[in-house]
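Novice: this one's structure only:
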């Protein structure tokens with residue numbers, strides 16, 4: 001039986017390498033024959049169509065009995081001799097097509113019978129329902145638009161090498177409608193984030209990806225070199241410092257959505273390049289940023305999922321309600337340990353050790369509090385929770401609380417036991433900022449003597465012109481998409497995640 005009569009050409013079913021080799025040879029021979037006949041499919045440059053499968057399937061009454069032109073990929077074939085049923089996949093779904101020799105002509109039908117699963121075609125025909133009630137296209141014209149030289153797998157998730165779905169995302173998208181739906185949702189989520197922020201008066205801006213500074217966030221950068229300027233540069237690890245310059249310049253509400261690059265580890269929640277949103281608003285503080293988070297997440301959930309209650313990792317998450325707790329309150333709630341009962345750093349260390357938490361001999365009360373949070377609290381924060389007022393030891397670049405300088409005006413918010421975003425009442429004291437930069441540079445050089453870290457003098461100059469009180473917020477778009485699409489790994493929401501090359 002020829003390959004063209006198989007319903008599918010599953011790659012994983014081809015245990016014998018010679019069988020796959022035969023299929024590849026046969027397809028190339030078919031292409032050569034087409035070219036010899038003057039029908040090279042790769043020379044086709046345009047095919048005008050007027051309907052998608054999803055449109056026809058969702059509004060049959062509108063299309064019934066009407067002629068439509070459609071284009072897509074052959075996904076299956078049922079051969080009945082002088083009549084065939086195929087399923088054709090286009091940009092919005094899959095629809096059945098009925099192809100009969102009497103309708104398309106003997107020559108066209110004979111040529112069509114040599115086409116393969118995966119070939120891209122154009123059809124023109126009348127919309128109808130079969131006796132079994134399936135909405136279909138009764139084809140009167142059919143044309144080969146592009147030849148597939150490789151067989152499609154039957155079940156892409158069944159490949160022995162499971163990471164091939166990430167390496168060959170194009171095949172993953174062809175074979176799995178739910179994967180395509182995830183990335184359609186991702187695009188919509190990004191649009192809705194912009195829609196929300198624009199409605200609040202924020203201005204979207206672009207800032208440099210190539211910079212000469214690696215300060216701002218505690219991360220290792222990717223390094224490169226500008227040949228013309230003979231200048232070492234790094235790919236940005238944050239957008240913070242440029243956006244704050246714009247606040248100084250009088251742009252009171254700005255945000256940037258873009259790629260960040262960090263030369264660090266990879267796991268289900270981390271990829272070396274990822275997408276973030278950072279936004280800054282003048283004349284507000286971290287409380288104002290809390291309000292934005294509590295508005296934005298239910299707004300997105302309703303837009304994308306139709307409800308503020310979503311399912312993630314088998315749990316129902318109510319994005320319409322955020323609990324607010326200080327770090328001190330959270331540690332007391334989940335461990336019973338009261339920060340305010342400690343009079344000395346030694347009291348804090350002893351209390352932590354009594355609860356089986358390892359603490360260094362140099363740990364202060366603030367650093368002990370942060371360790372207790374990690375040990376007892378974070379994995380309990382399933383429902384949306386804002387944790388605020390961090391110890392200064394844990395957040396050296398944030399503005400101190402005027403009422404209690406042991407803490408800073410910072411919050412992180414957690415969903416499904418994972419940190420989703422970070423916000424501050426931004427530091428705007430240029431003298432304090434310089435001192436912190438200098439300490440940060442010293443620490444980086446101590447860790448890595450080859451580091452190019454240095455004080456961003458231009459940013460200090462900007463602060464010296466005066467930056468108003470400002471609230472800032474940053475969050476990862478990829479983790480947000482994971483949440484709203486119930487995806488277990490960041491690789492499932494990145495079209496082309498970073499992968500180690502396959503050695504040949």
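Specialist: Thanks, I have it. None of the values given here were measured: they were computed from a predicted structure. Numbering: from 1, shown residues only.
Novice: Count the residues that sit near residue 49.
Specialist: 15 (other Cβ atoms under 10 Å). (Glycine included, C-beta is placed from N, CA and C.)
Novice: low-scoring stretches of the stretch 101-250 of the chain, by residue?
Specialist: Applying pLDDT under 70 to the stretch 101-250 of the chain flags residues 155-162, 215-218.
Novice: redo that, cut-off 50
Specialist: Applying pLDDT under 50 to the stretch 101-250 of the chain flags the ranges 157-160.
Novice: residues of whichever strand or helix holds residue 462 that come out buried?
Specialist: Taking DSSP states H and E as the definition, one finds residue 462 inside helix 457-465. Judged by neighbour count using 16 or more other Cβ atoms under 10 Å, the buried positions of helix 457-465 are 459, 462-463.
Novice: the longest helix in the protein is where?
Specialist: Using DSSP state H to define each element, the chain has its longest helix at helix 177-199.
Novice: Now do that helix: which elements does it pack against?
Specialist: Counting contacts by 3 or more Cβ pairs under 8 Å, 6 or more residues apart in numbering; DSSP states H and E, helix 177-199 is packed against helix 169-175, strand 203-204, strand 253-261, strand 273-282, helix 286-305, helix 477-485.
Novice: so can I have TSV of those showing distance to residue 47 and mean neighbour count?
Specialist: TSV is the format used below for these (distance: least, Cβ to Cβ, whole Å; neighbours: other Cβ atoms under 10 Å):
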stretch	distance to residue 47	mean neighbour count
helix 169-175	19	17
strand 203-204	36	14
strand 253-261	34	19
strand 273-282	34	22
helix 286-305	32	19
helix 477-485	32	23
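Novice: For residue 18, which of these is the nearest?
Specialist: Nearest of the helices and strands packed on helix 177-199 to residue 18, taken as Cβ to Cβ: helix 169-175 at 22.3 Å.
Novice: list the helices and strands that closest one packs on?
Specialist: Under the contact criterion of 3+ Cβ pairs under 8 Å, 6+ apart, the helices and strands touching helix 169-175 comprise helix 164-167, helix 177-199.
Novice: ok, now with 6 Å
Specialist: With contacts taken as 3 or more Cβ pairs under 6 Å, 6 or more residues apart in numbering; DSSP states H and E, helix 169-175 sits against helix 177-199.
Novice: next one: the helix it packs on to chain centre, how far?
Specialist: 10 Å (Cα atoms, centre = their mean, to the nearest Å).
Novice: Equivalent analysis for stretch 133-149, please.
Specialist: Centroid separation between stretch 133-149 and its chain, computed with Cα atoms, centre = their mean, is 34 Å.
Novice: Mind listing residues that contact it?
Specialist: Outside stretch 133-149, the residues within contact range by Cβ atoms under 6 Å, 6 or more residues apart in numbering are 27, 31, 41, 44, 47, 57, 60, 96-99, 103-104, 112, 115, 118-126, 128-130.
Novice: Tell me which of those residues fall in strands.
Specialist: Judged by DSSP state E, those include 96-99, 120-126, 128-129 as members of strands.
Novice: In ChimeraX, select just the buried ones from these.
Specialist: The following ChimeraX line selects those of these that are buried, judged by 16+ other Cβ under 10 Å:
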select :96,97,98,99,120,121,122,123,124,125,126,128
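Novice: from the ones in strands among the contacts of stretch 133-149, which single one is nearest residue 404?
Specialist: residue 120 (65.7 Å).
Novice: how near is the spatially closest residue to residue 182 that is not a sequence neighbour to residue 164?
Specialist: Spatial nearest neighbour of residue 182, chain neighbours left out: residue 485 (4.7 Å); criterion: Cβ to Cβ, 6 or more residues apart in numbering. Distance, residue 485 to residue 164, using Cβ to Cβ, to the nearest Å: 21 Å.
Novice: Repeat that for residue 38.
Specialist: The value you get for residue 38 to residue 164, if Cβ to Cβ is used, is 37 Å.
Novice: and the two? which has more neighbours close in?
Specialist: residue 164 (18 against 7).
Novice: ok, that one - contacts?
Specialist: Contacts of residue 164 (Cβ under 6 Å, 6+ apart): none.
Novice: list the helices and strands the helix holding residue 462 packs on?
Specialist: Taking 3+ Cβ pairs under 6 Å, 6+ apart as the contact cut, helix 457-465 packs with helix 240-248, helix 430-447.
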